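*Asks:* Got a predicted model here, sequence first, then my questions.
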There are 2 protein chains.
Amino acid sequence: MYKDVKVIAFDADDTLWVNETYFRDAENRFAALLESYETNNKIHQELFKTEIKNLKDYGYGIKGFVLSMIEVAIDLSDGNISSSKINDLLEIGKEMLHAPVDLLPGVPEVLMELSGRFKLIVVTKGDLVDQERKLTKSGLLPFFHHVEVLSEKKAEDYLKLMDRLDISPRDFLMVGNSLKSDVLPLIEIGAQAIHVPFHTTWAHEEVEDHSSKKFDTLTELKHIIELIG
Amino acid sequence: MYKDVKVIAFDADDTLWVNETYFRDAENRFAALLESYETNNKIHQELFKTEIKNLKDYGYGIKGFVLSMIEVAIDLSDGNISSSKINDLLEIGKEMLHAPVDLLPGVPEVLMELSGRFKLIVVTKGDLVDQERKLTKSGLLPFFHHVEVLSEKKAEDYLKLMDRLDISPRDFLMVGNSLKSDVLPLIEIGAQAIHVPFHTTWAHEEVEDHSSKKFDTLTELKHIIELIG
């Protein structure tokens, strides 16, 4: 099934390394900073709503997340938030940008094995500077032919990418943790996809699967070796 | 001289459309908001210093600019800045993100003329989401094969790009307003470049030219037609 694959594309956040966990930690620190103004639940809910509202302006990534936190902090405190707490939010963002890159289990082994046999690329959403920084820090750069940072990961975005790479969908295999972004759009355009779920998924990435399961799901990335054979 | 060119790459901000002007306007509004705390000159100076300091974390673009403005506002006011003024800074950012795309003179005519004869691409720094938004708004998308958003525009970044496009430097012509980013790195690697200065240049992009002038400088983009012939 995977024999004709020419290019294997890996999602980055929560596929190669831990990411969502840092956002959850930041959200909890944010809620703690605002606890005198609102309930924990309301703070999380407003932050999520504001992030979605701002997504078309800010895109994915840490900078937009920080700007949304500041907006919610001013809003939920009725303008009473102190500038020292706003400064704390800037600091949370910088800490996230400097966070270590924690590789997920089996990642270097799998990439080493596959990079000799396939052209490997990274296809990720998020912020260009931040993704390049993480990739450099990760030490995984030598395994990849290059990195594609997309503003969205919908079927049309993947078609444009394959057009640019001069490759047809049937030769393209995507590996990632998000059903919505890394799997279903690929199945839709006749490419292949392998789903490797991470334990935490951002609500915005959650989706129902109506694809009648035309793809494999792995509990650990390392099983991809047996699958590809 | 330009006969063998296969790909013509255009910078976007201040080459295809006005950009720096919006940043200058935003800086002036920022200085006005802080006028009770510091002199105009000091405010501009601190903002510039902070932007440069944050560049490796935030990269280029509006979101990082807004985060830097917030940082400076808290700092120069000794934490006394009101949250309503911080909210104004968020609004300045959103207005910049929604600003109209003002094409520079001759841009559509030049692209129409050249797109039939060369493969045209956009090569820009800045924020991926923002650059894609501007390109869509500009109506220029049909003229371009695709868009490359780079985190930096140094010689090595251009070499990587040409490698990815499978093209040699001698076949590559870059057109842009920044000597530092769009011209000198290209001359350094044996590619070609045409300089079309914009009336305003961000201090960070200013550079001395030691290239002994191995490129053409145009006062208006439309003259590129005569030059390429």
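*Replies:* Now that the structure is in, tell me what you want to look at. Note that the structure is a prediction, hence the values are computed from the model and not measured.
*Asks:* ok, and what's touching the helix or strand residue A:194 falls within?
*Replies:* Take DSSP states H and E as the rule and residue A:194 turns out to sit in strand A:192-195. With Cβ atoms under 8 Å, 6 or more residues apart in numbering or on different chains as the test, strand A:192-195 has contacts from A:1-2, A:5, A:170, A:172-177, A:179, A:182-184, A:186-187, A:215-218, A:224, A:227. Backbone N, C-alpha and C define where each C-beta goes, glycine included.
*Asks:* mind redoing it with 6 Å?
*Replies:* Surrounding strand A:192-195, the residues in contact under the criterion Cβ atoms under 6 Å, 6 or more residues apart in numbering or on different chains are A:173, A:174, A:175, A:183, A:186, A:187, A:215, A:216, A:217.
*Asks:* So the first one lies in a helix, does it not?
*Replies:* No - note on residue A:173: no helix contains this position according to DSSP: H, G, I helix; E, B strand; the rest coil, which reports strand.
*Asks:* What is the burial count for it?
*Replies:* Per other Cβ atoms under 10 Å in any protein chain shown, the neighbour tally for residue A:173 reads 24.
*Asks:* And the residue with the largest distance to the centre of chain A, what's its pLDDT?
*Replies:* Using Cα atoms, centre = their mean, the residue of chain A lying farthest from its centre is residue A:80. It sits 33.6 Å away. Here the pLDDT value assigned to residue A:80 is 96.
*Asks:* helix/strand/coil for it?
*Replies:* Secondary structure, three-state DSSP: residue A:80 is coil.
*Asks:* do you know how far it is from chain B?
*Replies:* Noted for residue A:80: a distance of 7 Å to chain B, by Cβ to the nearest Cβ, to the nearest Å.
*Asks:* Give me the domain ranges for chain A.
*Replies:* Annotated domains of chain A cover A:7-17+A:102-228, A:20-97 [automatic domain parsing].
*Asks:* could you dump those domains to CSV with distance to residue B:141?
*Replies:* Shown next, in CSV, are the domains of chain A (distance: least, Cβ to Cβ, whole Å):
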stretch, distance to residue B:141
domain A:7-17+A:102-228, 11
domain A:20-97, 17
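*Asks:* Could you tell me the least trusted of these?
*Replies:* When the domains of chain A are ranked by mean pLDDT, domain A:7-17+A:102-228 comes last with a mean of 91.
*Asks:* ok, residues contacting the following helix or strand past the strand holding residue A:194?
*Replies:* Downstream of strand A:192-195, the first helix or strand assigned by DSSP H and E is strand A:216-217. Applying Cβ under 6 Å, 6+ apart, the contact partners of strand A:216-217 are A:194, A:195.
*Asks:* Strand partners (parallel or antiparallel) of strand A:216-217?
*Replies:* Here strand A:216-217 is paired, per DSSP bridges, with strand A:192-195 (parallel).
*Asks:* Counting neighbours, which of the contacts of strand A:192-195 comes out on top?
*Replies:* When neighbours are taken as other Cβ under 10 Å, the top entry among the contacts of strand A:192-195 is residue A:183 (28 neighbours).
*Asks:* Nearest spatial neighbour of that residue, chain-adjacent residues omitted?
*Replies:* residue A:193 (4.3 Å; Cβ to Cβ, 6 or more residues apart in numbering or on different chains).
*Asks:* Does that neighbour have any beta-bridge partners, and if so which?
*Replies:* residue A:174.
*Asks:* Report how many residues lie close to it.
*Replies:* Quick note: residue A:193 (other Cβ under 10 Å) scores 24 neighbours.
*Asks:* One more: residue A:89?
*Replies:* 23.
*Asks:* can you give me the offset of whichever strand or helix holds residue A:224 from its chain's centre?
*Replies:* Residue A:224 is located in helix A:224-228, with elements delineated by DSSP H and E. Between the centre of helix A:224-228 and the centre of its chain there are 23 Å (Cα atoms, centre = their mean, to the nearest Å).
*Asks:* So which bits of that helix are buried?
*Replies:* Using 16 or more other Cβ atoms under 10 Å in any protein chain shown as the test for burial, helix A:224-228 gives A:224, A:228.
*Asks:* ok, residues contacting that helix?
*Replies:* A:2, A:110, A:113.
*Asks:* Give me every residue in chain A lying close to chain B.
*Replies:* With Cβ under 6 Å from any Cβ of the partner chain as the criterion, chain A meets chain B at residues A:57, A:59, A:63, A:71, A:74, A:79, A:81, A:83-84, A:87, A:90, A:97, A:128-129, A:132, A:146, A:149, A:151, A:164.
*Asks:* So which of those residues belong to strands?
*Replies:* A:146, A:149 (DSSP state E).
*Asks:* Selection in ChimeraX covering whichever of the residues of chain A next to chain B are buried, please.
*Replies:* To isolate in ChimeraX the members of the residues of chain A next to chain B that are buried, counting by 16+ other Cβ under 10 Å, one can use:
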select /A:57,59,63,71,74,81,83,90,97,128,129,132,149,151
